[in-house]
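A.B. asks: Kindly generate the corresponding structure for this input.
(2 chains)
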2 protein chains.
Amino acid sequence: MTDRLRFAPIPDRLPPTVPFTGPETLERRTGRAFAARLGANENGFGPSPRAVRAMADAAAQIWKYADPDSHDLRQALAAHHGIAPENIMIGEGIDGLLGLLVRLAVTPGDSVVTSEGAYPTFNFHVAGYGGLLSRVPYLNDAEDVDALVDRATETGARLVYLANPDNPMGSWHPAARIQAMIAALPPGALLVLDEAYADFAPPEAIPEIDPEDDRVIRFRTFSKACGMAGARVGYAIGPARLIAGFDRIRNHFGMNRSAQIGALAALTDQDWLRETVARVRGAREQIGAIAAANGLVALPSATNFVAVDCGQDGAFARRVLESLAAQGIFVRMPGVTPLDRCIRVSCGPKAELDLFGAALPKALHIARQA
Amino acid sequence: MTDRLRFAPIPDRLPPTVPFTGPETLERRTGRAFAARLGANENGFGPSPRAVRAMADAAAQIWKYADPDSHDLRQALAAHHGIAPENIMIGEGIDGLLGLLVRLAVTPGDSVVTSEGAYPTFNFHVAGYGGLLSRVPYLNDAEDVDALVDRATETGARLVYLANPDNPMGSWHPAARIQAMIAALPPGALLVLDEAYADFAPPEAIPEIDPEDDRVIRFRTFSKACGMAGARVGYAIGPARLIAGFDRIRNHFGMNRSAQIGALAALTDQDWLRETVARVRGAREQIGAIAAANGLVALPSATNFVAVDCGQDGAFARRVLESLAAQGIFVRMPGVTPLDRCIRVSCGPKAELDLFGAALPKALHIARQA
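C.D. replies: As a prediction, the model looks like this:
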């Protein structure tokens, strides 16, 4: 590295790795397209037709920048949640907003607590801004809220990450448990409550929204239940003073204009959302039935994916996953023991899950022979 | 600010201000929509119909995340420029990529040099990552390349920003002058060469691309000549080792999927691009004629906008701009003296420029009465 191309100290210490390999990269490696795209917790039931129409109609107007305030969408979300627009920040997906939050809150060297095996992109951002990650193990395939609080207290953590419902295991905690966790947080710690999968969860999993609670910032998205992952529209809900902080650092003209318009249309179609949630429930049952038919256990899920316990270790599950990929089925798996005994199958239309069901016996057979 | 909501030191010192107020915000303030949108250097001639069709067709597939490698677009751009894909990084507009570059290269306290009155969003990023901005005045309404190099040498600058052609004045330097500037850069300084407006410039303004030159990183965009500002697709061209650095910190799944597909389609329609450039040339002439008819001087421009010298000081030009806004015409103006004697009018279809032409005499009349 020449002097001119040197990196600043924090990025200089970062690995060249990426949080996730995209399915397109895997397809290019093998030269074959996946027949079933069930690995990224995308929602194959698709977006509301109203959102599709709005985005298609908006295409010719893409010469205009998006409204940097996302005013209309923010107003509509505020009305939807019964909170003030000042408590909402729209951004390029939860991923983008998590990065901004870490940048805003974390001084290099600050402690940040998460679970061992939880969302890698959050960890990517923490490392990327020089935070010191501290990880606690899952307990019974769920994030261990008591251990998270304890670790936060021990380390004087600035941020504590919790996804409820959880990714990659699909488990969830009741709202009362989350509330107790918030009450037990040490001073100075902010709960990063990732609710990307909230729409799929039972109502009792989701704490009531108190946007001015200075102990928690919540994240929601149009990527999952609304089926708009490729649009990149997420939002944070939190105290107005914290939300205003995003304006100091965010890419103000970073939103795609059609995505903004599409999200607004999607929000008006709550019937579609309800139908999607019902379809996802059906897909979870189908995945459970496929697992059972193969002698495997599907873990309970409050999300649009199911962790299927392959019954052996991570190496075994990896072989199952690789054989599925070779048969054209894209799924992913947790990265750490003991979660990695599972493969994670996203909910999708029946035809794609049928392909998964057809491929699984061979994948298990091959995995058992190794 | 409670302890929990405190910001990290760098964002804590940042102002709550934003680089630009969007036209929608101005419209909401007055309660009236602009009749002519000529302020943000958007391209009202619009995107290629091929791109529009591709984006409209892609809308229903928005449930899929975009390819995080932007592989197909990167390959196509590499072929277009005759360089390797490893020399190209796609991102959410030049704005987003500039932020990543500053984060990658600038250690808090590093000197960064730009021109007084040049692109505010670059400055926003430099401040946002703790760089120390040093600004040199324009010379004859152009960025002063010698002064930039001198200041970079004096301050041991890490980055030197130059837009060629320039925004907000529309001026340009010949390629040989840029090459000489690059050769004169002090050790350790990287030239940030913003070529957002390159497609509108005479060929002799654009240096040949030598992507492995470790002294320069260039930025291009689909926002201007391709008429896709709202899509957020820009790219950086630079040494492979520097380009790879972006992977350490970027939001890998941050691209909008339809935008990626639309940009690829736009790139295949070079005829449309050529027609757009011709239309923009015609619009520049129309703006020049309007200025002349009002006794004003339109500055020469190699971009899709024209700085119109209102012949007095910044306060006067501000009054012209405000009266234009009151008449439904959105334009912007440079922020610093002496550039702020001008208003900056974006090129657009004849009908919109006609509205500008119709409103200007009254605006000048009102400004002169104050």
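A.B. asks: How about the worst-scoring helix or strand of chain A on mean pLDDT, which residues are buried there?
C.D. replies: Every helix and strand of chain A was ranked by mean pLDDT, DSSP states H and E. The lowest is helix A:23-30, at a mean of 94. Residues of helix A:23-30 classed as buried by neighbour count (16 or more other C-beta atoms under 10 Å in any protein chain shown): A:P23, A:E24, A:E27. For glycine as for every other residue, the C-beta is placed from the backbone atoms N, C-alpha and C.
A.B. asks: Would you tell me which one of those residues comes nearest to A:E352?
C.D. replies: Closest to A:E352 out of the buried residues of helix A:23-30 is A:P23 (12.9 Å), distances taken as C-beta to C-beta.
A.B. asks: quick one: that closest one and B:V126, what's the gap?
C.D. replies: Distance from A:P23 to B:V126, counting by C-beta to C-beta, to the nearest Å: 37 Å.
A.B. asks: Same question for A:L185.
C.D. replies: In this view, A:L185 and B:V126 are 35 Å apart by C-beta to C-beta.
A.B. asks: again, but for A:M169
C.D. replies: Distance from A:M169 to B:V126, by C-beta to C-beta: 42 Å.
A.B. asks: thinking again about what came up before, so does the least confident helix or strand of chain A get close to chain B?
C.D. replies: Yes: using C-beta under 8 Å from any C-beta of the partner chain, helix A:23-30 comes into contact with chain B via A:E24, A:T25, A:R28.
A.B. asks: again, but for stretch A:39-55
C.D. replies: Yes: contact of stretch A:39-55 with chain B (C-beta under 8 Å from any C-beta) involves A:A40, A:E42, A:N43, A:G44, A:F45, A:G46, A:P47, A:A51, A:V52, A:R53, A:M55.
A.B. asks: Could you pull up the mean pLDDT of that stretch?
C.D. replies: Mean pLDDT, stretch A:39-55: 98.
A.B. asks: Now do the same contact list for the nearest residue to A:D166 once chain neighbours are set aside.
C.D. replies: Of all residues not flanking A:D166 in the chain, A:E143 sits nearest, at 5.4 Å (C-beta to C-beta, 6 or more residues apart in numbering or on different chains). Residues counted as contacts of A:E143 (C-beta atoms under 8 Å, 6 or more residues apart in numbering or on different chains) are A:S115, A:A118, A:L162, A:A163, A:N164, A:D166, A:S171, A:H173.
A.B. asks: ok, A:P361 - contacts?
C.D. replies: A:N294.
A.B. asks: tell me which element it is part of?
C.D. replies: Assigned by DSSP states H and E, A:P361 belongs to helix A:350-369.
A.B. asks: Quick check: buried residues in that helix?
C.D. replies: For helix A:350-369, using 16+ other C-beta under 10 Å, the buried residues are A:E352, A:L353, A:L355, A:F356, A:G357, A:A359, A:L360, A:A363, A:L364, A:I366, A:A367.
A.B. asks: want to throw those into JSON lines with distance to chain B and pLDDT?
C.D. replies: Below are these laid out as JSON lines (distance: C-beta to the nearest C-beta, whole Å; pLDDT from 0 to 100):
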{"residue": "A:E352", "distance to chain B": "12", "pLDDT": "98"}
{"residue": "A:L353", "distance to chain B": "15", "pLDDT": "98"}
{"residue": "A:L355", "distance to chain B": "17", "pLDDT": "98"}
{"residue": "A:F356", "distance to chain B": "17", "pLDDT": "98"}
{"residue": "A:G357", "distance to chain B": "21", "pLDDT": "98"}
{"residue": "A:A359", "distance to chain B": "20", "pLDDT": "98"}
{"residue": "A:L360", "distance to chain B": "23", "pLDDT": "98"}
{"residue": "A:A363", "distance to chain B": "23", "pLDDT": "98"}
{"residue": "A:L364", "distance to chain B": "28", "pLDDT": "98"}
{"residue": "A:I366", "distance to chain B": "28", "pLDDT": "97"}
{"residue": "A:A367", "distance to chain B": "27", "pLDDT": "98"}
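A.B. asks: ok, the closest residue to A:E27 other than its chain neighbours to A:A105 distance?
C.D. replies: In this structure, A:E27 finds its nearest non-sequential neighbour in A:A33, 5.3 Å apart by C-beta to C-beta, 6+ apart. Applying C-beta to C-beta, the value for A:A33 to A:A105 is 41 Å.
A.B. asks: Name the residue in these two with the higher neighbour count.
C.D. replies: A:A105 (24 against 13; other C-beta atoms under 10 Å in any protein chain shown).
A.B. asks: Could you check how far that one is from B:H365?
C.D. replies: Between A:A105 and B:H365 the distance is 52 Å, computed by C-beta to C-beta.
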